[in-house]
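S.K.: Sequence below, structure please.
(one chain, ligands or ions: 1)
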Amino acid sequence: MEKYNKTKVVVFNTFQMYRINMLEKLKEANENGKANGYQIGAKLVRGAYMEKERKRAKDKSYEDPILTDKKSTGLQFNEGLKYCVENINNLELCMGSHNEASNYLLIELIKNNKIAKNDQRIYFSQLYGMSDHISFNLANAGYNVVKYVPYGPIETVMPYLFRRAKENTSIAGQSSRELELVKKELNRRNNI
Ligand SMILES: Cc1cc2nc3c(=O)[nH]c(=O)nc-3n(C[C@H](O)[C@H](O)[C@H](O)COP(=O)(O)OP(=O)(O)OC[C@H]3O[C@@H](n4cnc5c(N)ncnc54)[C@H](O)[C@@H]3O)c2cc1C
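M.R.: Numbering: from 1, shown residues only. Here you go, the predicted structure:
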């Protein structure tokens, strides 16, 4: 970022907000950017490697770097969003999340800070084929949305997709949030 983000943001770093102290690290990165004449590109995610990280910490006998529960991760993630939007004159934000509440929160923050919906410094992002109801509605409402397309050798892409699918099912119980919404809409149409 220091090398390439002098005049515009080209490079984004990922901030995994499930990590202890990541909000502080985000603020430090921004302060470092300001002090050294470059802008940070902040891609904010909750973090996808919790089990691996916890296991590694245990195996190698160092302190678990991940927050203790999902609620703490959500709080730090949302604080990170707030910080980025309030400091948008110094950085650019790309939020990677399928969590409806966080997507709503970013909409609120944009509105409350009187930022245009299509301001090029703020992007929402979801994975291709997942949470399309979020992406399409956001895009339709005029926000910037990126769809990430995971690709690569089958042995690396399949575990990646399984991890994402598991996250999507964990919220609603047996079926994914998205399927729940499709079912609800089909029922609504059947009852018209
Ligand atoms: C566009 C895009 C890009 C992404 N890029 C990356 C990337 O570069 N690196 C990366 O690591 N991930 C990446 N992810 C995945 C991301 O980190 C999340 O795993 C995933 O999006 C699920 O989180 P969510 O915000 O959608 O919300 P939810 O589904 O509401 O949250 C699930 C997340 O909460 C956290 N969590 C759950 N249980 C606990 C617990 N017991 N303790 C602490 N935290 C907990 C975990 O981070 C878990 O993934 C990306 C996701 C998207 C949509």
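
S.K.: tell me the pLDDT at whichever residue of the chain sits closest to the ligand?
M.R.: Scanning the chain for proximity to the ligand using Cβ to the nearest ligand atom identifies G96 as nearest, at 2.8 Å. For every residue, glycine as well, the C-beta is placed using N, CA and C. pLDDT for G96: 97.

S.K.: does it really touch Q126, like I thought?
M.R.: Yes: G96 is within contact range of Q126, at 7.5 Å (criterion: Cβ atoms under 8 Å).

S.K.: Find the residues that touch each one of those two.
M.R.: Common contacts of G96 and Q126 (Cβ atoms under 8 Å, 6 or more residues apart in numbering): Y148.

S.K.: For the protein, which segments count as helices?
M.R.: 22-36, 50-59, 70-86, 100-112, 132-140, 154-172, 177-190 (DSSP state H).

S.K.: what pLDDT, on average, does the fourth one get?
M.R.: The one in question is helix 100-112. Helix 100-112 comes out at a mean pLDDT of 97.

S.K.: and the helix or strand of the chain with the lowest mean pLDDT, C-alpha only, in PDB?
M.R.: The weakest-scoring helix or strand in the chain, judged by mean pLDDT, DSSP states H and E, is helix 154-172 (a mean of 77). The C-alpha trace of helix 154-172 is given here as PDB (Å, rounded to 0.1, in the frame of the first residue of the first chain):
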ATOM      1  CA  ILE A 154     -10.500 -28.300  -7.500                       C
ATOM      2  CA  GLU A 155      -8.600 -29.400  -4.400                       C
ATOM      3  CA  THR A 156      -8.300 -25.800  -3.200                       C
ATOM      4  CA  VAL A 157     -11.600 -24.400  -4.400                       C
ATOM      5  CA  MET A 158     -13.900 -27.200  -3.000                       C
ATOM      6  CA  PRO A 159     -12.700 -26.800   0.600                       C
ATOM      7  CA  TYR A 160     -13.100 -23.000   0.200                       C
ATOM      8  CA  LEU A 161     -16.700 -23.300  -1.100                       C
ATOM      9  CA  PHE A 162     -17.500 -25.900   1.600                       C
ATOM     10  CA  ARG A 163     -16.400 -23.500   4.300                       C
ATOM     11  CA  ARG A 164     -18.500 -20.700   2.800                       C
ATOM     12  CA  ALA A 165     -21.500 -23.000   2.400                       C
ATOM     13  CA  LYS A 166     -21.200 -24.000   6.100                       C
ATOM     14  CA  GLU A 167     -21.100 -20.400   7.200                       C
ATOM     15  CA  ASN A 168     -24.300 -19.700   5.200                       C
ATOM     16  CA  THR A 169     -26.200 -22.600   6.800                       C
ATOM     17  CA  SER A 170     -25.000 -21.900  10.300                       C
ATOM     18  CA  ILE A 171     -27.400 -19.000  10.900                       C
ATOM     19  CA  ALA A 172     -30.700 -20.400   9.800                       C
END
